[in-house]
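Chemist: How does the following fold in three dimensions:
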Amino acid sequence: MNSPTTSLRIAIGDYPHTLPLKRGEIASPWLKLDFVEVKPMHKAFKPMVREHAYDASEMALVTYFQAKDHDKGLTLLPAAMLARFQHGTMLFNAERSKLTPSGLPGRRIGVRSYSQTTGAWMRGILANDYQVDLSRVQWVTFEDGHVAEARDPPGVIRARSDQDMTKMLTDGELDAAIYGAELPKDARLQSVIPDPDAAARDWFGKHGLVPVNHMVVVTEQLAQSNPRAVAELYRLLEEGRKVAGLPAAGAIDTAPFGREANRPCLELLISYAVEQRLISRRLDVDELW
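Modeler: Have a look, this model is predicted:
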């Protein structure tokens, strides 16, 4: 007798390890995934946190930490969707003046949202590896965070609704800005951290991990009512990783799967989030699952 079909609404991005699943090259005999396409991907995070708009969703890690901190009814799966080195994500306008990490105190730095995970990684790197006093930087944001109850620390200010971060950077209203997935294609805009690729290699040598930005969450209601479906979803995601051939032989793993594989990254980012007052307490990795 065949098992009845279960359907899940899921919002995840297009990555080498998710495309086999989205294209139907991998399938479950009883679990049907209804993919909801959201672009850019971060637009899915607020409705997932605030409305449980999907059964499962990709989610930025700091958003998830804040959701956990405020009991928003979500559970993490140890399935990384997006990871990258962050050292080249803070840019300055080289036409105006040169800027390095030591020159950041007293400057105005833009970031889409203070709780943006790329911003949290970059601030953590600056504070812990370059000894930048983050409290002496004026942070300028352009959006609210995804978790309504999570407030920005005192001193973080909001740009006007008609202001654009890149225009403010090129016009000199900002001294630097942190970017997410897409860096602006403008030769004037250069990395605040010199030679970011070499800096990232050194950082990897120290920490042995690639900073993960996004993983997958499910609603606690689903995890409690149908743990079999959650386990099957994770199996399908892991199968996609295998079909994509990740990680390639000799390559750095940029889509780690499994609790222990992701533990060092989560522990480090939690410590950064506490330092930056993004969450009210130090979360234990084992309470995230």
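Chemist: what's the burial count for residue 40?
Modeler: 10 (other Cβ atoms under 10 Å). Yep, even glycine has a C-beta here, placed from its N, CA and C like the rest.
Chemist: And for the residue nearest to it when sequence neighbours are not counted, the neighbour number?
Modeler: Ranked by Cβ to Cβ, 6 or more residues apart in numbering and with sequence neighbours excluded, the top spatial neighbour of residue 40 is residue 181, at 7.1 Å. By other Cβ under 10 Å, the residues close to residue 181 number 13.
Chemist: unless I'm mixing things up, residue 48 is touching residue 54, no?
Modeler: Yes - counting by Cβ atoms under 8 Å, residue 54 is a contact partner of residue 48 at 5.7 Å.
Chemist: Mutual contacts of these two, please.
Modeler: Residues touching both residue 48 and residue 54 comprise residue 11, with contact defined as Cβ atoms under 8 Å, 6 or more residues apart in numbering.
Chemist: Low-confidence ranges, this structure, go.
Modeler: Along the chain, segments meeting pLDDT under 70 span 1-3.
Chemist: pull the CA atoms of stretch 108-125 into CSV?
Modeler: What follows is the C-alpha trace of stretch 108-125 in CSV, where atoms were taken according to Å, rounded to 0.1, in the frame of the first residue of the first chain:
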residue,chain,number,x,y,z
ARG,A,108,29.5,56.5,8.7
ILE,A,109,28.9,53.0,7.3
GLY,A,110,25.8,51.8,5.5
VAL,A,111,24.3,48.4,5.7
ARG,A,112,20.9,47.2,4.4
SER,A,113,19.8,46.2,7.8
TYR,A,114,21.8,46.0,11.0
SER,A,115,20.7,42.4,11.5
GLN,A,116,21.8,41.4,7.9
THR,A,117,23.9,38.3,8.3
THR,A,118,26.7,39.6,6.0
GLY,A,119,26.9,42.7,8.2
ALA,A,120,27.1,40.6,11.3
TRP,A,121,29.9,38.5,9.8
MET,A,122,31.8,41.6,8.6
ARG,A,123,31.5,43.4,11.9
GLY,A,124,32.6,40.3,13.8
ILE,A,125,35.7,40.0,11.6
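Chemist: For burial, what's the neighbour tally of residue 24?
Modeler: With neighbours defined by other Cβ under 10 Å, the count for residue 24 comes to 8.
Chemist: hmm, back to that, regarding the residue nearest to residue 40, what is its secondary structure?
Modeler: Reducing the assignment at residue 181 to three states with DSSP: H, G, I helix; E, B strand; the rest coil gives coil.
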